[in-house]
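Novice: need a 3D model of the following:
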Amino acid sequence: WTDKYGNKRDKINKKEFMPFIGDYEEFAKLFFYTSVRNGYGKYGNVVLLSDGATWIRHMKDKYYPDVQQILDFFQLKTHIS
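Specialist: Numbering: from 1, shown residues only. Now for the predicted structure:
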C-alpha cells in the first residue's frame, strides 16, 4: 500500500502463531497446510519469523526458498547476550 505521502509500505495480510510438539515431518506438513490456507503463493513477500532453530531454517530452505526468515527479537537478544 502507499501512505498519504506516496511512500510504498508493506502490510501484514495474514499471520498465525503455530505452537507444536512433535517431529519434523509432522510439523512440515502442518506448516504447509497452514501456509496454503493463509494464502502462500498469492503474496509477493512472505516472512517466516522463527526462533532461529537450524531445523526450521533447513525446512524453509527445502520447501520455501522464496521466503525470508527473520529471527524474532527475543531470540536475537538471547543469542547476543
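
Novice: which secondary element of the protein has the worst mean pLDDT?
Specialist: helix 73-80 (a mean of 75; mean pLDDT, DSSP states H and E).

Novice: which residue ranges of this protein form helices?
Specialist: For the chain, helices defined by DSSP state H occupy the ranges 24-37, 54-63, 73-80.

Novice: turn the ones you listed into CSV, including distance to W1.
Specialist: C-beta: built from backbone N, CA, C; applies to glycine. Converted to CSV, the helices of the chain look like this (distance: least, C-beta to C-beta, whole Å):
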stretch, distance to W1
helix 24-37, 22
helix 54-63, 26
helix 73-80, 24
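
Novice: want to try TSV for those helices, with mean neighbour count and distance to D3 as columns?
Specialist: As requested, the helices of the chain are exported to TSV (neighbours: other C-beta atoms under 10 Å; distance: least, C-beta to C-beta, whole Å):
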stretch	mean neighbour count	distance to D3
helix 24-37	13	28
helix 54-63	13	30
helix 73-80	10	24
